[in-house]
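Peer 1: need coordinates for the following:
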Amino acid sequence: MAETKGLGQVKGWQRRHVLRWGVVGAALFAVGCQTVPKAPPKPVAPPKEEGVTQGLPTDATRHRIALLVPLTGPNAAVGESIANAANMAVLDTGGERIRMTVYDTGSNPAAAAEKAIGEGNKLILGPLLAEDVRSAADVGRKYRVPLIAFSNDVSVAGNGTYLLGFTPAQAVARVVGYARTRNMTRFAGLVPAGVYGQRAQTALTRAVEEAGGTLVSVQTYDRNSGAVMAAISRLNKAGKADAILIADATRTAVQAIPIIRRGPSATARILGTELWNAESDLSSPVLTGAWFASVPDGVYGQMATKYRARFGTAPYRLSSLGYDAVLLATKVAVDWKPGTPFPLRALDDPAGFAGIDGVFRFNAYGVAERGLEVQQVGQGGTSIISPAPKSFED
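Peer 2: Residues are numbered from 1 along each chain as shown. Below is the predicted model of the structure:
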């Protein structure tokens, strides 16, 4: 358990949208696609305060918030990266309004939540994985302490739990909508078996319908090369498509695209999902010209530079969630009396928040709605072809 001083707090339990504030400087499926050091540094813990010999100190002027992430187990590297970024946010904002303590969810997320609440924390940031969120949320509801979690599984949102994670539905809707503005009408999809693929397929179906396009075919595959090839064969039999969504990591797209190019959709635009923004390598010439939607990267790049300078290594892309969660808590803390329950109405402003990952607000289900940009893969990396909105009024 590590402590850090910081600024405010966030969210409530019912529906809300969010408070506006300025940008600062900038599935665990996506994480698996990233390149991160084998042994990232442990989260920064500030020096112990004098006069504290047992338990945690009591604050009269600062809000106590908990950060729940895996610091042990197979996802420890991701959790440490999120914790490091959250600690950076506390330091960057001055630490005058919040005190943040980090708890390990590696073996027992419910116990971590119990400990956090028992030590006086009025808001929980995290956990990361959907199953951990469910366990911690049960505890949070028992004591009426809200969670701002990092999962992208919308099934765990609501009733006091809010999600900051990047959801596939929004990215699919954004890139499909953009494709329609470029006169593409016939869409198809390749989606992996499993929960992520099911959600991507549902998102594609809805996005095409709402955009006024036609869904030619969606094919599901298990993750092996033979299954992918068979799915493409079935897709080709459905006829020509103007755009084909590959709802998987780029390594799958690199395998699939050459086969697609030999079929009736040889000139189809390839579309990706938010997973592609976590990829460390988009340099394959096979991907050139593909589009995908994601949170904007400009301010994140600044944060990543500071992170590397501080810790000597690159952060996971999901680390921005920890940074933005602290910024959100800090903003709400301005009008939140220390020692009182979290102010639920603080999240009702439809203008939303802004952070490392751009503007966002919470919808009626407790899921973060985000302003996304569309990027195009090129030989030298990616370029922005449709910028993210600066506000929800844009």
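
Peer 1: how about the helices in the stretch 201-350 of the chain?
Peer 2: Read by DSSP state H, counting those that start in this stretch, the stretch 201-350 of the chain holds these helices, from start to end of the chain: 225-237, 250-260, 298-311, 319-333.

Peer 1: just put these in CSV and tack on distance to residue 211.
Peer 2: (Glycine included, C-beta is placed from N, CA and C.) Below are the helices of the stretch 201-350 of the chain laid out as CSV (distance: least, C-beta to C-beta, whole Å):
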stretch, distance to residue 211
helix 225-237, 20
helix 250-260, 21
helix 298-311, 27
helix 319-333, 28
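
Peer 1: can you tell me which of those helices is packed in deepest?
Peer 2: Ranked by mean neighbour count, those are led by helix 319-333 with a mean of 29 (mean count of other C-beta atoms under 10 Å).

Peer 1: tell me the mean pLDDT over that one?
Peer 2: Helix 319-333 carries an average pLDDT of 95.

Peer 1: packing partners for that helix?
Peer 2: strand 2-6, strand 63-69, helix 76-93, strand 98-104, strand 123-125, strand 147-149, helix 298-311, strand 353-355 (3 or more C-beta pairs under 8 Å, 6 or more residues apart in numbering; DSSP states H and E).

Peer 1: how about low-confidence regions in this protein?
Peer 2: 1-59, 348, 394 (pLDDT under 70).

Peer 1: could you chop it up by domain?
Peer 2: The record assigns the chain these domain ranges, following automatic domain parsing: 2-166+297-362, 168-294+375-386.

Peer 1: and of those domains, who's closest to residue 393?
Peer 2: For the domains of the chain, proximity to residue 393 was assessed by C-beta to C-beta; domain 2-166+297-362 is nearest, at 7.4 Å.

Peer 1: in CSV, list the helices and strands packed on helix 319-333 along with distance to residue 209.
Peer 2: As requested, those are exported to CSV (distance: least, C-beta to C-beta, whole Å):
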stretch, distance to residue 209
strand 2-6, 44
strand 63-69, 38
helix 76-93, 35
strand 98-104, 43
strand 123-125, 36
strand 147-149, 29
helix 298-311, 32
strand 353-355, 30
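
Peer 1: burial measure for residue 71, as a count.
Peer 2: By other C-beta atoms under 10 Å, 22 other residues sit near residue 71.

Peer 1: once you drop chain neighbours, what's closest to it?
Peer 2: Of all residues beyond its chain neighbours, the one nearest residue 71 is residue 104 (4.1 Å), with distances taken as C-beta to C-beta, 6 or more residues apart in numbering.

Peer 1: how much space separates the one you found from residue 323?
Peer 2: With distances defined as C-beta to C-beta, to the nearest Å, the gap from residue 104 to residue 323 amounts to 19 Å.

Peer 1: what bridges to the residue nearest to residue 71?
Peer 2: In this structure, residue 104 has the following beta-bridge partners (DSSP bridges): residue 69.

Peer 1: which ones are touching it?
Peer 2: Residues counted as contacts of residue 104 (C-beta atoms under 8 Å, 6 or more residues apart in numbering) are 1, 69, 70, 71, 72, 79, 112.

Peer 1: what's the closest of these to residue 313?
Peer 2: The nearest one, if we look at the contacts of residue 104 relative to residue 313 and count by C-beta to C-beta, is residue 79, at 14.8 Å.

Peer 1: got a list of what the closest one touches?
Peer 2: The contact partners of residue 79, taken as C-beta under 8 Å, 6+ apart, are 69, 70, 71, 104, 105, 106, 128.

Peer 1: of the residues you listed - the most surrounded one?
Peer 2: Among these, the one with the most neighbours (other C-beta under 10 Å) is residue 69, at 30 neighbours.

Peer 1: count of neighbours near residue 351?
Peer 2: Using other C-beta under 10 Å, residue 351 is surrounded by 15 other residues.

Peer 1: just use 24 as the starting number from now, easier for me
Peer 2: Sure, I'll start numbering at 24, so the last one becomes residue 374.

Peer 1: confirm it sits in a strand?
Peer 2: No - with DSSP: H, G, I helix; E, B strand; the rest coil as the criterion, residue 374 is located in coil rather than a strand.
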